[in-house]
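>>> Have a look at this fold, sequence not included:
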Ligand SMILES: Nc1ncnc2c1ncn2[C@@H]1O[C@H](COP(=O)(O)OP(=O)(O)OP(=O)(O)O)[C@@H](O)[C@H]1O
Ligand SMILES: Nc1ncnc2c1ncn2[C@@H]1O[C@H](COP(=O)(O)OP(=O)(O)OP(=O)(O)O)[C@@H](O)[C@H]1O
Ligand SMILES: [Mg+2]
Ligand SMILES: [Mg+2]
């Protein structure tokens, strides 16, 4: 079984879809459970699949700290628990993830290089999500260390509906900073708000003075980069690779082998107009 | 003086907010461009909220509103990306939203089911269908540029979405306030039994109200898709509460206790301006929520029910 | 026969669902362990839904329920992680939830504000405070193990949360159905004018109902934090709709139109069992929504209002 | 006057926006006496009572009980001083049973604040027996007929054994039999020393029951007298400010054409095998005890009850209404018996209420409602009925009870149907207006239309002088009379057929 609280998010969805496909190729019977961001309900579903006696549990996203008890229950029932882009705690076999710190470091340093170390930024973030929070932490740390980067506005993105929310917010921020040079760049903690910000910038006709970056490498963002919109870069998490690693590890466990590493990192690639085919 | 407050409290609150932001940040807030922006930002919410106004008019609830917004966008976008002409895609999507609304109305009126839990259930059902149809992901490829015009372009300097919103508002206002159907609708909401004894086809009226809510929600979803150039199966999530909040705020205007289109517009404007002004002022996100909550309560208190 | 359906439709639906799952997957579903599991799974929802039952009893709404659940958990966890003893942390958190509920009740009864939009606004406000207090992130460090007992341990083979839920249910049932206060509460909801003319202190009754909703929601949040070992500023988001859905489903049981504790329990059970059974059956996630929606509508239709 | 004064009110005034409902009203109540309070619709009777009940707050004036000044700030204050009330409007919690409604807000407790159901039940059974009321105690009140709900409301006032009992038109919805029992009881408790204020529009009740009478006109106390020193004519004169002779109407000769015909109408269990017809220009009165099935028949004709047996003919053609809308389209209208539930949208304006059955008639292009034209028509009708209102856009619930009833009548008068059914049309309507209504009924008949008047008030039927009276008993027609007096009708009604 795959358990996730965030199926509606594009990235999670890519991961889960790939996992489903690989699993089915292996001849496994894969069930996906989504609770739409409700962790209490997710805990309940953990208990259900444990009672049902599945062979393995993969948790897609979310913080395993919230499910300590359920993981212990799974262990008791002899069910191995894998993490997909989650976290690692005792009791799990392993977690396969992109390193959120790295993702953020990659894109942030790209952006700051591009700006040559100085400029005015708008930040879109969502600290309620643990992975996204890590990106914010790294961003804040790097930003702190570069004195000539200034944050002129920041917006906490509302979920659901992050694109529209970011679009509206960006519209307002643009108005508040109406002159060329008031804003040089937008940093978004993931791609959806980046897309929203881009829409607002295009609408205001200021796509030449502001660059936007996101994280995740979702298809729509990639297409935008390719088209030459003001989204200039994103860091692509390779969810397909991630799913492959998870599938391999699950196969190992089913085959009775030991999984040695507790954490696997999937590769992440900086995507710009140059390297999108 | 206090009488004026009681009668127009909500409206006074609206002007109070505008005044406040204008003083704090005149150069940005108090500009034509920004007001045009605001109308554009509230347009989708407003269209959904007009649906809620019809529903509140018959004293019911339609909690499937959010699902219908998502559904409308996903179906239209999905059809386009499988090659259907965009106009036909819109028509099909609206037709489904209409049928869904009629079904809700049928359940609530003919079968006399309680609307709150019924529409919650049908909304869950529709959400499942939307997920299934979209595969849970964003649909953005294959959407033609023509479709994006209504969500993204302007006409004579005014965003087309705003024009559409004003058009629908005006038309709905006419229907609700000036026509015999509007009277039938409000009397159904005011006292269903008395309306029935006066020969009003209350079931039909309710079905029409739910169908309107369905179509307008679906259309709001389509507009959202056009605005964003993509559709997402949970894109409508935020609209349920804000649509009903706007419509309910609106009930405090004019005739007591009745949902009405201009009231709803004032409600949507209060919420839209709060979000706009606070963002312009760079207020931290949590403070935005706190201030918005306080302002709305204050607007309600200012007005104080006439019953008191 | 058809009369029995009409009277106990919802209950019959519940047993129908149980029967169905038992036939489809007896080895997993129809086990004592699983039933114990289910009671545990619905316990937090049920506690919040009892609050909703009080509110529906006075014919109002409390849309701040979700925010209060989040708030209760975050405040308790936050205090613990800054070193406050866990019992004191719980008491403080409940005290704030209580005060918040009283404030809602005051606004709705004394100031006669419409509860729907008022509690939506106060809920937004409280959400902002919760975000501010938590910094928007999950709180999980510094929570003592003792605090986790009530959410995670069992007593005589029964989860403590389930025991707490049954305790609160029984107590609330007694209050609502057997005491004078319960009658005063229902008469306030059934006909406020009549209640007032008869000397019932309707304002006081409403304030108590809102305070109860506040405390129970806050407590649901604390239990959730104990179950998850962490608190999250939007953890309560899903409870608003499901709590009211359970309570509304419950109104279709027994006396028509009255929210009552056993009815709410049946409602919560229907929803809990659906989720549990469909998961066990390996149903794809979107089908779960579709089936749940259909089952609830079917349960409502089975029962059909007596007015028909 | 030897009896001591138990309640005295001095200079009570009350203003509502735009109207002075009470203007320095004063009077005293003497222990063990019954004071009749009369006046036109909107004279201020109910307002005065609501002030005594702590529901409205007077702008000025004082209230004394046993010589001490008291303040009625809240509805829970008056019971402390031994006051009990029967209000003019039904105040019921629809899904509560009879017991809980009768004890509303006064539930006795056993222990730990548990309600003592046994004790309540016993007391109510006692009262029911005394009053000859037949009530299913465990049924929700919403399943009861309007008359039965009134019985519950009356029981409620007697439960606490009040020292002073205030009754605002308690008999308006009751039939003679219950009124009779009620009077017996009222006379008995009066002997026990209970003091009573009694509001009614029925003059025979006032003269039958009261010791003294106070007349209000436009919020002013215009007259007070011992009952045996006045007469009906004098009271009416004081009430309406002019003297009017009450006389029977002349019967109009009905037309030959049968407008409406019912054959073997039935609806289990309350209506069985009912056959009758109404001609053009005819007034048919329908009399019976409460629960005899009269309202049920009206509802069948009006398309509100589809599960009936038998046949109906309207204008010579077969008539099978599927909804009230069908009935209205055909030219039938019904003034329902429960105006708050069935007649009015309380939170809407007078104009909105009047417009409801007339929407189609004032349809403009695109479904536009021709408001201005409608307003003119409405004003005419309201004037003719002498409805007391300030502005046609005011909510109907700011009108006095009787004026609300006139609004229900008006909306159908605007409609001008061919067959007019009135179900208890004068409940709460004052003497003057009642007369106007009867005039209107005769006018309708004179124009060749048919009228059916359901009434529980024999005097009303006599005054209207209907062409025929149909008497119902337990769902069957026990007789249709062309010539009749009180005795003939009552004989049929209680089953002593000749
Ligand atoms: N809540 C209110 N708001 C405004 N006006 C009111 C209100 N209640 C009563 N009135 C007005 O006060 C006047 C007195 O009304 P009241 O109900 O006391 O009359 P009444 O003598 O009881 O008449 P009826 O015989 O018709 O019951 C009327 O003109 C009425 O319209
Ligand atoms: N909706 C209903 N549900 C149950 N019983 C009903 C309903 N309507 C009427 N009855 C019952 O049917 C019988 C006939 O009632 P109906 O109202 O026709 O009598 P009525 O002669 O008009 O008397 P009333 O003076 O009460 O108006 C009564 O016993 C009444 O209680
Ligand atoms: Mg009165
Ligand atoms: Mg009747």
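Right, received. Where do you want to start? These numbers were taken from a predicted model, which means no experiment stands behind them. Ligands and ions are numbered 1, 2, ... in the order given.

>>> any idea where the helices of the stretch 151-300 of chain D begin and end?
In the stretch 151-300 of chain D, the helices defined using DSSP state H, counting those that start in this stretch lie at D:176-191, D:203-209, D:232-240, D:294-301.

>>> Name the residues of chain D found near ligand 2, please.
D:143, D:145-147, D:270, D:288, D:290-296, D:337, D:456 (Cβ under 6 Å from any ligand atom). All C-beta spots, glycine's among them, are computed from the backbone N, C-alpha and C.

>>> Run through those and flag the ones next to chain C.
Checking the residues of chain D next to ligand 2 against chain C by Cβ under 8 Å from any Cβ of the partner chain, not one of them is in range.

>>> and these, which are buried?
Among the residues of chain D next to ligand 2, those scoring as buried are D:145-147, D:270, D:288, D:290-296, D:337, D:456 (criterion: 16 or more other Cβ atoms under 10 Å in any protein chain shown).

>>> Looking at the stretch 51-200 of chain D, what residue ends up closest to chain B?
residue D:142 (11.2 Å; Cβ to the nearest Cβ).

>>> Got phi/psi on the closest residue to that residue other than its chain neighbours?
Among residues not flanking residue D:142 along the chain, residue D:94 sits closest, at 3.9 Å (Cβ to Cβ, 6 or more residues apart in numbering or on different chains). Backbone torsions of residue D:94, given as degrees, to the nearest 10, read phi -60, psi -40.

>>> swap in residue D:160?
phi -90, psi 10.

>>> quick one: contacts for it?
D:79, D:84, D:106 (Cβ atoms under 8 Å, 6 or more residues apart in numbering or on different chains).

>>> Distance-wise, check it relative to residue D:132.
21 Å (Cβ to Cβ, to the nearest Å).

>>> Same check on residue B:11?
58 Å.

>>> Neighbour count for those two, which is higher?
Ranked by neighbour count (other Cβ atoms under 10 Å in any protein chain shown), residue B:11 and residue D:132 place residue B:11 first, with 21 against 14.

>>> quick one: the helix or strand hosting the more buried one near chain D?
Using DSSP states H and E, residue B:11 sits within helix B:2-24. No. Legend: contact between helix B:2-24 and chain D by Cβ under 8 Å from any Cβ is lacking; minimum distance shown is 9.7 Å.

>>> and the helix or strand following that helix, how far from the chain's centre?
Downstream of helix B:2-24, the first helix or strand assigned by DSSP H and E is helix B:26-29. Centroid displacement of helix B:26-29 relative to its chain, using Cα atoms, centre = their mean, to the nearest Å, is 27 Å.

>>> and residue D:377, backbone torsions?
Taking degrees, to the nearest 10 as the convention, residue D:377 sits at phi -60, psi -40.

>>> Chain neighbours aside, what residue packs nearest to it?
In space, residue D:377 is closest to residue D:414, 5.8 Å off (Cβ to Cβ, 6+ apart).

>>> show me the contacts for the one you found.
D:354, D:357, D:358, D:377, D:378, D:381.

>>> ok, now residue B:22?
B:29, B:30.

>>> can we see that at 10 Å?
Residue B:22 sits next to B:28, B:29, B:30, B:31, B:277 when contact means Cβ atoms under 10 Å, 6 or more residues apart in numbering or on different chains.

>>> again, but for residue B:192
B:58, B:59, B:109, B:200, B:202, B:203, B:205, B:206, D:345.

>>> closest to residue C:82 among these?
residue B:59 (47.4 Å; Cβ to Cβ).

>>> Show me which of the contacts of residue B:22 are buried.
Counted by 16+ other Cβ under 10 Å, the contacts of residue B:22 give B:28, B:29, B:277 as buried.

>>> any chance of those in a markdown table, plus pLDDT and distance to ligand 3?
Below are the buried ones among the contacts of residue B:22 laid out as a markdown table (pLDDT from 0 to 100; distance: Cβ to the ion, whole Å):
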| residue | pLDDT | distance to ligand 3 |
| --- | --- | --- |
| B:28 | 84 | 60 |
| B:29 | 87 | 55 |
| B:277 | 91 | 51 |
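
>>> Could you dump those residues into JSON lines with distance to ligand 2 added?
Putting these into JSON lines (distance: Cβ to the nearest ligand atom, whole Å) gives the following:
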{"residue": "B:28", "distance to ligand 2": "63"}
{"residue": "B:29", "distance to ligand 2": "59"}
{"residue": "B:277", "distance to ligand 2": "55"}
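
>>> between those residues, which is nearest residue A:43?
The closest of the buried ones among the contacts of residue B:22, once distances to residue A:43 are taken by Cβ to Cβ, is residue B:277, at 39.8 Å.

>>> Tell me which helix or strand the closest one sits in.
Going by DSSP H and E, residue B:277 is in helix B:261-280.

>>> just the angle between that helix and helix B:2-24, please?
Relative orientation of helix B:261-280 and helix B:2-24, computed by axes from the mean of the first three to the mean of the last three Cα atoms, to 10 degrees: 30 degrees.

>>> now for helix B:261-280, which elements pack on it?
strand A:149-156, helix A:162-176, helix B:2-24, helix B:26-29, helix B:32-57, helix B:160-178, helix B:239-251, helix B:285-303 (3 or more Cβ pairs under 10 Å, 6 or more residues apart in numbering or on different chains; DSSP states H and E).

>>> and the contacts of residue B:192 near chain A, which?
When contact is defined as Cβ under 10 Å from any Cβ of the partner chain, those do not meet chain A at all.

>>> what about stretch D:387-394, near ligand 3?
No. Judged by Cβ under 5 Å from the ion, stretch D:387-394 and ligand 3 are separated, with a smallest distance of 11.8 Å.

>>> which parts of that stretch are buried?
D:387, D:388, D:389.

>>> any idea how far the nearest residue to the first one once chain neighbours are set aside lies from chain B?
Across the structure, with Cβ to Cβ, 6+ apart as the measure, the residue nearest residue D:387 apart from its sequence neighbours is residue D:406 (4.7 Å). As for residue D:406, its distance to chain B is 16 Å (criterion: Cβ to the nearest Cβ, to the nearest Å).
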